[in-house]
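**Student:** Okay, sequence plus prediction incoming.
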Amino acid sequence: LVPLLSEAGLPSLLINRQAKNLHTSSVNVDDTAATMDATEHLISLGHQNIAFIGGNKNFQNTKHRLLGYQIAMERHILFGEFSEFSGYQQGKTILNMLHRPTAAICASDPLAIGCMRALTEGGLRLPDDFAVIGFGNIEASKYVTPSLSTVSQPSQEMGAIAAATLIQMLENPIILSQKVRLKTNLVLRDSSGSPIGSR
């Protein structure tokens with residue numbers, strides 16, 4: 001769709017996606033910094049062996065979130081899809097690891113929720129035996145048990161900036177594109193805590 005709009009001389013804007021086209025703007029959060037902050041938080045609690053569970057490894061969001069994790073950690077990286085089922089599968093993988101991590105950063109809340117289910121079915125107590133942090137702060141993250149610590153994206157602000165940017169591009173065709181990157185907020189709930197051995 002973006003190439004078609006570009007060929008027609010119409011401006012376009014992507015939300016939560018990287019724009020590669022000169023005539024396409026984008027509004028994103030700083031995925032790298034957000035995931036790095038979340039990982040650093042788990043490290044500050046005493047976790048040393050932290051898994052990363054990503055969505056589709058070809059997505060730019062996954063790549064940036066992985067980079068943030070890699071800056072803080074360089075072990076136990078798992079990939080799947082951005083779904084509860086994929087998170088559940090990766091949780092099962094974690095349960096079977098010889099040197100099992102004590103925490104995981106998940107690149108989406110659905111991944112985290114699926115992972116949490118697999119871990120609790122496997123007999124782990126969250127966050128006592130294993131800590132989990134998601135990404136997205138979806139509504140369900142407040143209601144799962146334990147409630148999910150997660151990175152909150154400024155969705156309303158992203159939408160408002162996207163609309164304003166697109167209007168600006170329509171009114172001023174000389175503006176080719178704008179790249180906006182917004183900050184996130186780490187929301188701490190019950191799914192993240194210090195590992196038992198560090199208390």
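**Tutor:** Looks like it came in fine.

**Student:** Lowest mean pLDDT among the helices and strands of this protein, which one is it?
**Tutor:** Of all helical and strand segments in the chain, the minimum by mean pLDDT, DSSP states H and E falls on strand 77-79, at a mean of 78.

**Student:** next structured bit after that one?
**Tutor:** helix 84-95 (DSSP states H and E).

**Student:** list the helices and strands that following helix packs on?
**Tutor:** strand 50-54, strand 77-79, helix 109-121 (3 or more CB pairs under 8 Å, 6 or more residues apart in numbering; DSSP states H and E). In short, each C-beta sits where N, CA and C put it, glycine included.

**Student:** For stretch 85-102, buried residues please.
**Tutor:** Of all the residues in stretch 85-102, those buried under the rule 16 or more other CB atoms under 10 Å are S86, G87, Y88, Q89, Q90, G91, K92, T93, I94, R100, P101, T102.

**Student:** can you redo those residues as a markdown table with pLDDT and distance to V144?
**Tutor:** Converted to a markdown table, those look like this (pLDDT from 0 to 100; distance: CB to CB, whole Å):
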| residue | pLDDT | distance to V144 |
| --- | --- | --- |
| S86 | 96 | 16 |
| G87 | 96 | 12 |
| Y88 | 97 | 13 |
| Q89 | 96 | 18 |
| Q90 | 95 | 16 |
| G91 | 96 | 13 |
| K92 | 96 | 18 |
| T93 | 94 | 20 |
| I94 | 93 | 17 |
| R100 | 87 | 21 |
| P101 | 89 | 20 |
| T102 | 92 | 20 |
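
**Student:** Make a markdown table out of those and add distance to V29.
**Tutor:** As requested, those are exported to a markdown table (distance: CB to CB, whole Å):
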| residue | distance to V29 |
| --- | --- |
| S86 | 22 |
| G87 | 21 |
| Y88 | 26 |
| Q89 | 26 |
| Q90 | 23 |
| G91 | 25 |
| K92 | 30 |
| T93 | 28 |
| I94 | 26 |
| R100 | 30 |
| P101 | 25 |
| T102 | 27 |
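
**Student:** All set now, cheers.
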